[in-house]
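# Mind looking at a prediction? Sequence and model below.
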Amino acid sequence: MKVLSDHETVMELLSLLKENGRELQAAELSCLISALDSLEQQYSSVLAELNDIKRELTPKQPFFGLVQAAQEKVEQARDQLAAVKEKIISWAKTAIEDFKRVGVSALDTALSALGVKKLLGAMQDKVRGAMEGMDASVKKVEAMGQELRSAGAHLKNAGRAATGKETQVVDGGQSGWFQAVVAAPLRAVHSALSQMDHTIQDATGAVERLGNTAEQGRGKREKPSVRRQLAQKKAEVSALPASMPVRTPKEAER
């Protein structure tokens, strides 16, 4: 699905808001559009990273299932993003049609009834669930890596003791394959999910502010747009008899 900032209907509604003295509402709608378009890119990036991590694992490894579960939650959240965008497009179309019928008051009514806050909340729940899965995966990976390194160090010490050499302190370090190939990417995914959580909060805030600013717009004197003025003039000309010439304002004064 293409980004909202490229959608003709959404951009037309944005223009109508600006043309009719609703600059503040237009700014908040732009903020919402920007947040949702950013989420689209973030979802794609996170899912690609999770797929890369899974390719480094096998289904039998204990944390494979946690990565898989996190991926499923991210995919569900992305589906909810698609639902939010579809609803905004439909809402924008209705708002434009109502504006053409009843005027600028329809814009304020539409802004008060956007109705995507619950969808955004459900999306945020999925993202936070995926973050919890990442936390659990990182802890398991780090514990396993530490155990493997400790086991290897103990074997080395056993060999040193057998030859009469001094044993070395086992520090249970967390570097190695698990750290570089699995743990570090998982942390990166967790960080990306955290950023997505903040972006969803930005979108939710924009929706709330849109409702508030719509109330401020109620009762504001309507400013006829250039488009509506031209349409009105065209309708007046069409209503004249075919044989009656259209006179200019100067000709009418003579």
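On my side now, so go ahead. Numbering: from 1, shown residues only.
# what's the helix or strand hosting A192 packed up against?
According to DSSP states H and E, A192 maps onto helix 184-217. On a contact count with 3 or more Cβ pairs under 8 Å, 6 or more residues apart in numbering; DSSP states H and E, helix 184-217 meets helix 23-55, helix 64-102, helix 105-112, helix 117-162. Glycine gets a C-beta too; all of them are placed from N, C-alpha and C.
# wait, what's in contact with L4?
Applying Cβ atoms under 8 Å, 6 or more residues apart in numbering to L4 gives the contacts 10, 33, 36-37, 85, 88-89.
# In the protein, where is pLDDT below threshold?
Confidence mapping of the chain against pLDDT under 70 gives the ranges 1, 145-178, 215-254.
# picking that back up, okay, the helices and strands packed on helix 184-217, which one's buried deepest?
Each of the helices and strands packed on helix 184-217 was scored by mean neighbour count; the highest is helix 105-112, a mean of 20, by mean count of other Cβ atoms under 10 Å.
# just checking, what packs against that one?
Identification of packing neighbours for helix 105-112 by 3+ Cβ pairs under 8 Å, 6+ apart yields helix 23-55, helix 64-102, helix 184-217.
# what angle sits between that helix and helix 23-55?
Helix 105-112 and helix 23-55 are oriented at 40 degrees to each other (axes from the mean of the first three to the mean of the last three Cα atoms, to 10 degrees).
# quick one: contacts for the most centrally placed residue in the chain?
In the chain, the centroid-proximal residue (Cα atoms, centre = their mean) is L39; its distance is 2.8 Å. L39 is in contact with 81, 196, 199-200, 203, counting by Cβ under 8 Å, 6+ apart.
# 10 Å instead?
Under the criterion of Cβ atoms under 10 Å, 6 or more residues apart in numbering, the contact list for L39 reads 77-78, 81, 84-85, 120, 123, 127, 195-196, 199-200, 202-203.
# Need the max-distance pair from those.
Largest separation among the contacts of L39 by Cβ to Cβ: K85 and Q195, giving 19.3 Å.
# And the helix holding A192, how far out from the chain middle?
7 Å (Cα atoms, centre = their mean, to the nearest Å).
# so can I have a markdown table of the contacts of L4 showing distance to N20?
Shown next, in a markdown table, are the contacts of L4 (distance: Cβ to Cβ, whole Å):
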| residue | distance to N20 |
| --- | --- |
| V10 | 16 |
| I33 | 18 |
| L36 | 23 |
| D37 | 24 |
| K85 | 24 |
| I88 | 19 |
| I89 | 20 |
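# sorry, back to before: so which of the helices and strands packed on helix 184-217 gets nearest V181?
helix 23-55 (8.4 Å).
# Any idea how far that closest one is from the middle of the chain?
Remark: helix 23-55 is offset 4 Å from the chain centroid, using Cα atoms, centre = their mean.
# Understood, closing this out.
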